[in-house]
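S.K.: Fold the following, please.
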Amino acid sequence: MVDAPIMMPMQPDAAAQQMLIEQVRRLSDSVDRFNSTMSLVQQQLARMEAENRHTIERRDRNEARLTKVEDRVDDLESWRSEQRGERGTIAAIAKSPLVGWIVGALLTLFAAIKGGLIK
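M.R.: Just a heads-up that it's a prediction; the model follows:
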């Protein structure tokens, strides 16, 4: 025959109190586990925030550098356009037939004066 634990008879009020105490212990354990989990989540969030802050600061620095580079490129492009425009204008004037006639006439006049044809 197996020795069975001897159970003492309990009063209904005492049994109800014992059940309530056990439920409170379980709830307390659940709250402790929940608090531990929340603490871990807070630590993870703090770590993630620190990583993101570093990433955001680096992104802001990169954006500032990119803005400077874009401004420099714009300056160089406008300078290049000005150079092309000046060269284009000079080339257009030099290729003009009217300018050719005027230059030719001036050279002829100069040669005539130097050659002694015109005094």
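S.K.: helix, strand or coil for residue 117?
M.R.: coil (DSSP: H, G, I helix; E, B strand; the rest coil).
S.K.: those helices in this structure, which residues are they?
M.R.: Under the criterion DSSP state H, the chain contains helices at 12-95, 97-115.
S.K.: Can you flag the weakest of these by average pLDDT?
M.R.: The minimum mean pLDDT among the helices of the chain belongs to helix 97-115 (a mean of 85).
S.K.: any chance of the helices of the chain in CSV, with mean neighbour count too?
M.R.: (Each C-beta comes from the backbone N, C-alpha and C, glycine too.) Listed next are the helices of the chain as CSV, based on neighbours: other Cβ atoms under 10 Å:
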stretch, mean neighbour count
helix 12-95, 10
helix 97-115, 10
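S.K.: any idea how far residue 78 is from residue 65?
M.R.: 21 Å (Cβ to Cβ, to the nearest Å).
S.K.: Then residue 50?
M.R.: 23 Å.
S.K.: for residue 43, same thing?
M.R.: 34 Å.
S.K.: Same check on residue 26?
M.R.: 58 Å.
S.K.: Check residue 87 too.
M.R.: 33 Å.
S.K.: ok, now residue 20?
M.R.: Distance from residue 20 to residue 65, by Cβ to Cβ: 66 Å.
S.K.: likewise residue 44?
M.R.: On the measure of Cβ to Cβ, residue 44 and residue 65 end up 32 Å apart.
S.K.: same thing with residue 17?
M.R.: Taking Cβ to Cβ, one finds residue 17 at 71 Å from residue 65.
S.K.: now do residue 38
M.R.: 40 Å.
S.K.: what's the answer for residue 108, then?
M.R.: 60 Å.
S.K.: now residue 79
M.R.: 21 Å.
S.K.: ditto for residue 45
M.R.: 30 Å.
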